[in-house]
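**Student:** Take a look and give me a structure for this.
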Amino acid sequence: MTPEQESKCHAIIHSCAAGAGAGNLVPIPGTGIAADMLAMTTMAVSLCSVFGGNITNETAKSLAIAALKNTALKMPIRVITKELAKFIPFAGSVFACAVSAGMVEAAGWTLAKELEAKASKDAP
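**Tutor:** Here you go, the predicted model:
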């Protein structure tokens, strides 16, 4: 990954993680998953363009689901705790925000590395 690509990925991933975190401040269980999916879909489209690709929203949703599923399978207790914590006023939402931002961040870097590997494999 070139320094320019890394810088772009850094900005995309951090802004999407912040958006997912903000979406998880809503104290209703289940809304966090929707915020995570929206952030991941947006992030997949943006990251793909960094590496010279162009994908549809449906493909981005598939990538987002796969990346989020892989992250959730690695940390199932965090995912369940994140949603259940929303029943605790204020502190639960803050906790859910932090966990979601961390999960989207981790999934974003995984996705960026996969896209980079695919781009370098497809390069002439």
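
**Student:** contacts for the helix or strand containing A20?
**Tutor:** Following DSSP states H and E, the helix or strand that holds A20 is helix 3-23. By C-beta atoms under 8 Å, 6 or more residues apart in numbering, the residues outside helix 3-23 that reach it are 1, 31-32, 34-36, 38-40, 42-43, 46-47, 50-51, 97-98, 100-105, 108-109, 112, 116. Any C-beta I mention is one placed from the backbone N, CA and C, and that applies to glycine too.

**Student:** at 6 Å what do you get?
**Tutor:** 35-36, 39, 42-43, 46-47, 50, 97, 100-101, 104-105, 108, 112 (C-beta atoms under 6 Å, 6 or more residues apart in numbering).

**Student:** hmm, which of those are the buried ones?
**Tutor:** 35-36, 39, 42-43, 46-47, 50, 97, 100-101, 104-105, 108, 112 (16 or more other C-beta atoms under 10 Å).

**Student:** Among the contacts of helix 3-23, which lie within helices?
**Tutor:** In helices, defined here by DSSP state H, the members of the contacts of helix 3-23 are 35-36, 39, 42-43, 46-47, 50, 97, 100-101, 104-105, 108, 112.

**Student:** nearest to A67, of those?
**Tutor:** G108 (7.7 Å; C-beta to C-beta).

**Student:** Return the residues in contact with the closest one.
**Tutor:** G108 touches I13, M43, counting by C-beta under 6 Å, 6+ apart.
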